[in-house]
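# got a structure for you, letters missing:
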């Protein structure tokens, strides 16, 4: 799970990580937020109306849900379950509310990384540079950033995104280290048995 204040770079890092990790699949969230000009429906988000979103909630089709800046967001369960069943890891680009719900539901099966900007001034510069939101929305995002960062202790790792390439390398390291954890090696006991000399049956 990648979380961060808006503008800290989690979406860019997520896309770069997906480009180089063939066994990693993005969980595409649904949202009632209007689509931005550079966004592609089904790639960045699945854009739906509020009625459809509420239908998914009542039908228990979402792993998590949250309201952010007046818009609803959620993670559809079926694509995630399908990816895991096919032996793939799933990358979540979600806020702290959704991350908390996923962590509560899945425990050690999910790993949280919170991405910080190098400074609030740089965060504001990035938000204004991308020119995707009006000034009042940028102001709301800046006001929310400090509150969002208060949830750092709910994550396993914290990464300061000052340099994109360096941050990407650190994400690769976290991913591979977590894949190597003993409890994630399914069938390890059977493999160990193949390395253990078998005792010969005693003569009758």
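That came in fine, so what should we check first? Remember, predicted model here, so these are calculated numbers, not experimental data.

# poorly predicted segments of the chain, please.
Scanning the chain for pLDDT under 70 picks out 131-132, 199-204.

# ok, the spatially closest residue to residue 162 that is not a sequence neighbour - contacts?
Nearest in space to residue 162, with sequence neighbours left out and distances taken as CB to CB, 6 or more residues apart in numbering, is residue 118 at 4.2 Å. From N, CA and C alone the C-beta is placed, and that goes for glycine too. Residue 118 sits next to 160, 161, 162 when contact means CB atoms under 8 Å, 6 or more residues apart in numbering.

# how many neighbours does the last one have?
The reference is to residue 162. A count of neighbours around residue 162, defined by other CB atoms under 10 Å, yields 13.

# check which helix or strand residue 115 maps to.
Here residue 115, judged by DSSP states H and E, is contained in strand 113-116.

# and the helix or strand that comes right after that strand, what does it pack against?
Downstream of strand 113-116, the first helix or strand assigned by DSSP H and E is helix 120-130. Where contact means 3 or more CB pairs under 8 Å, 6 or more residues apart in numbering; DSSP states H and E, helix 120-130 is packed against helix 135-149.

# where does the closest residue to residue 110 other than its chain neighbours sit: helix, strand or coil?
Using CB to CB, 6+ apart and skipping the chain neighbours, the partner closest in space to residue 110 is residue 102 (5.2 Å). Counting by DSSP: H, G, I helix; E, B strand; the rest coil, the backbone at residue 102 sits in helix.

# is it true that residue 102 touches residue 77?
No - under the criterion of CB atoms under 8 Å, residue 102 makes no contact with residue 77, lying 10.9 Å away.

# more neighbours, those two?
Comparing residue 102 with residue 77 by neighbour count (other CB under 10 Å), the higher total belongs to residue 102, at 20 against 16.

# residues contacting that one?
Neighbour list for residue 102: 1, 63, 64, 75, 92, 94, 110 [criterion: CB under 8 Å, 6+ apart].

# closest to residue 167 among those?
Nearest to residue 167 out of the contacts of residue 102 is residue 1 (CB to CB; 15.7 Å).
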